[in-house]
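Engineer: One predicted model, sequence on top.
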Amino acid sequence: EDQVTQSPEALRLQEGESSSLNCSYTVSGLRGLFWYRQDPGKGPEFLFTLYSAGEEKEKERLKATLTKKESFLHITAPKPEDSATYLCAVRVLMDSSYKLIFGSGTRLLVRP
Amino acid sequence: GAVVSQHPSRVICKSGTSVKIECRSLDFQATTMFWYRQFPKQSLMLMATSNEGSKATYEQGVEKDKFLINHASLTLSTLTVTSAHPEDSSFYICSARFGRDNSPLHFGNGTRLTVT
């Protein structure tokens, strides 16, 4: 069964304290891994797409990496405005169509 | 960039009534739209996939007659929750894909449905 697991469930950081969020997956055929940011009461906002092991993408204080079993979202010197829930999703082929399977997210709180 | 607009953002309705949620793609024509449901502190669960001009494809366990999806044009999809019950209270989010299958999804801001 295709599965996506994110850890930790929640993370509290001090401003400037770098850390990493994990997304591990077990899928029959990965067709892309996506990272989204979701603010309370809002829809997810697209951050990155990764397709192959070894690939890395960066955007401001965020860097996403991918291996054959997991992806990391590294946050360097976070600021309070980085507080949000970060979701990862894997794209798989199911029933002849592509679908996204989401993890349950990591709730990040960055304290000033 | 592409923008997906969802309306209303919040709705409260009485048990037994129906509620319609609209999802519009503002800048581009969406080849496919998706409807998700999200419970507090939980993941997004795909409810159905809709392509313009054809019937929606529902995920296992999602009642077709309860959650009616209409995708009449390349810029508009609607989800109607019929005969709503308190257990239908949830956060409903639509998303659209513009272009090829491997394009990322762009999400609306969601609709918080409360059934009293």
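Structural biologist: All right, it came through fine.

Engineer: where along chain A do the strands fall?
Structural biologist: Taking DSSP state E as the criterion, chain A contains strands spanning A:3-7, A:10-14, A:19-26, A:30-38, A:45-50, A:56-59, A:62-66, A:70-75, A:84-94, A:97-102, A:106-111.

Engineer: Out of those, the one nearest B:Arg37 is which?
Structural biologist: Of all the strands of chain A, it is strand A:97-102 that lies closest to B:Arg37, at 11.4 Å by CB to CB. C-beta: built from backbone N, CA, C; applies to glycine.

Engineer: quick one: the closest residue to chain B within chain A and B:Asn51, what's the gap?
Structural biologist: Evaluated by CB to the nearest CB, chain A has A:Gly43 as its residue closest to chain B, separated by 3.5 Å. Summarising the geometry, the distance separating A:Gly43 from B:Asn51, computed by CB to CB, to the nearest Å, is 21 Å.

Engineer: okay, these two: which has more neighbours?
Structural biologist: Here A:Gly43 and B:Asn51 are compared on neighbour count by other CB atoms under 10 Å in any protein chain shown; more neighbours surround A:Gly43, at 23 against 16.

Engineer: Tell me which helix or strand in chain A has the weakest average pLDDT.
Structural biologist: Scoring the helices and strands of chain A by mean pLDDT, DSSP states H and E places strand A:97-102 at the bottom, with a mean of 86.

Engineer: so does that strand get close to chain B?
Structural biologist: Yes: using CB under 8 Å from any CB of the partner chain, a contact is recorded between strand A:97-102 and chain B, made by A:97-100, A:102.

Engineer: Listing partners with orientation, what would you give for that strand?
Structural biologist: Using DSSP bridges, the neighbouring strands of strand A:97-102 in the sheet come out as strand A:84-94 (antiparallel).

Engineer: For B:Arg97, find the nearest of the strands of chain A.
Structural biologist: Using CB to CB, those put strand A:97-102 closest to B:Arg97, at 9.1 Å.
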